[in-house]
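[1] Let's see this in three dimensions:
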Amino acid sequence: MYINEVKYYDSFRKNFLANYKTGYFKGLPPTITIKTSGIDMKTTFLIIALLCSAILPALETARDTLSFKKYEYGIDSLVFPLALITYGVVGIESDELKLYNSEIKEEVNEHIDEKLTIDDFTQYLPFTAVYAFNAFGVKGKNTLRDETLILGTAYGLMAVSVLSLKKITGVERPDGSTNNSFPSGHTATAFMGAEFLYQEYKHKSIWYGAIGYAIASGTGAFRMYNDRHWFTDVVAGAGFGILSTKLSYMIYERIEKKKLQTKVTPYYEDKKFGFVIAF
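    Numbering: from 1, shown residues only. Predicted coordinates for the structure are as follows:
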């Protein structure tokens, strides 16, 4: 039996080498025929996409079931704010988006009777609401101390990115007053706070975050209403605000998990006292 198998596969190998250029493989059982030349690149990608769509959800479920998911805040959560930022950045040089900015400005200016500087106040409402809720006994996801650390980190990330880009890009404001229009700092602050509010109270109700995002959107709208920002400035500002808060939670979560994985054990031996730190 072994000799017959060797002869069969030796014959298959010879046929394979002789016919691989044509795309046909001979020597397999008569019920199996493989043809490679009939599948174009488009069909190949389609097959791969279909396979991925079937396999990836299964792998994701398996990973969650086996507790392989280490962090609540993953890289995938950054896609949306990065998309907003990308839109705003493209708008700096895109003639089509610049035209769209101008159309929005003209439409808004037609209906302006009097400027309202309410946005100077509303930008701070979402994140101050977290402290107000705590004061009235409605506790968030984290302690007040940790909330402050998270907010401080988010605000620092947002301020550095926004202020740096204002100087680098030098985009003129719609009212022509200065050349630091991109991105909108007021909008970034508002959406940073809205995401912060959402993360702290989403376990209680989604409406906390919904109200925060409504206030943030209103802040961005008033920045355009008051002729202080272009539409792309506002979109990018929202992206930077959300991104800063998400990054802050990611940093906090990883630091906390590192603390849990670190064990400090005191020891006493031969009249010597010390600590053993295990990571």
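[2] what's the closest non-adjacent residue to Met224?
    For Met224, ignoring the flanking residues on the chain, the nearest one in space by C-beta to C-beta, 6 or more residues apart in numbering is Val108 at 5.7 Å. C-beta coordinates here come from the backbone N, C-alpha and C atoms, glycine included.
[3] what about Val234, is that helix, strand or coil?
    Secondary structure assignment for Val234 (DSSP: H, G, I helix; E, B strand; the rest coil): helix.
[4] Contacts only, for it.
    Contact analysis of Val234 by C-beta atoms under 8 Å, 6 or more residues apart in numbering lists Pro183, Ser184, Thr187, Gly220, Ala221, Arg223, Met224.
[5] Kindly recompute the last result at 10 Å.
    84, 88, 101, 104, 182-184, 186-188, 190-191, 217, 219-224, 228 (C-beta atoms under 10 Å, 6 or more residues apart in numbering).
[6] Surely Tyr73 is in a helix?
    No. When the secondary structure is assigned by three-state DSSP, Tyr73 falls in coil instead of a helix.
[7] Could you check what's spatially nearest to it, not counting adjacent residues?
    If the residues on either side of it in the chain are set aside, Tyr73 comes closest to Met250, at 4.5 Å by C-beta to C-beta, 6+ apart.
[8] Can you give me the distance of the one you found to Lys258?
    Separation of Met250 from Lys258 (C-beta to C-beta, to the nearest Å) stands at 13 Å.
[9] Between these two, which is the more surrounded one?
    Met250 (17 against 10; other C-beta atoms under 10 Å).
[10] Give me the buried positions along the helix or strand harbouring the more buried one.
    Assignment of secondary structure by DSSP states H and E places Met250 within helix 231-261. Residues of helix 231-261 classed as buried under the neighbour-count rule (16 or more other C-beta atoms under 10 Å) are 231-253.
[11] moving C-terminal of the helix or strand of the chain with the lowest mean pLDDT, what's the next helix or strand?
    The helix or strand of the chain with the poorest confidence is helix 41-65; it has a mean of 48 (mean pLDDT, DSSP states H and E). Beyond helix 41-65 in the direction of the C-terminus, DSSP H and E gives the next helix or strand as helix 79-93.
[12] quick one: that following helix to helix 231-261, angle?
    Following axes from the mean of the first three to the mean of the last three C-alpha atoms, to 10 degrees, one obtains 150 degrees for the angle between helix 79-93 and helix 231-261.
[13] could you say what helices and strands helix 79-93 packs with?
    Judged by 3 or more C-beta pairs under 10 Å, 6 or more residues apart in numbering; DSSP states H and E, helix 79-93 is in contact with helix 95-110, helix 144-169, helix 185-201, helix 231-261.
[14] Tell me what angle the second one forms with helix 79-93.
    It refers to helix 144-169. Angle between the axes of helix 144-169 and helix 79-93 is 20 degrees (criterion: the same axes, to 10 degrees).
[15] And the helices and strands packed on helix 79-93: which comes nearest Ser77?
    In this view, these are compared for proximity to Ser77 by C-beta to C-beta, and helix 231-261 is the closest at 5.5 Å.
[16] you'd agree Pro174 is in a strand?
    No. Judged by three-state DSSP, Pro174 forms no part of a strand; its state is coil.
[17] so what's Ser181 up against?
    92, 166, 169-175, 223, 228-230, 232-233.
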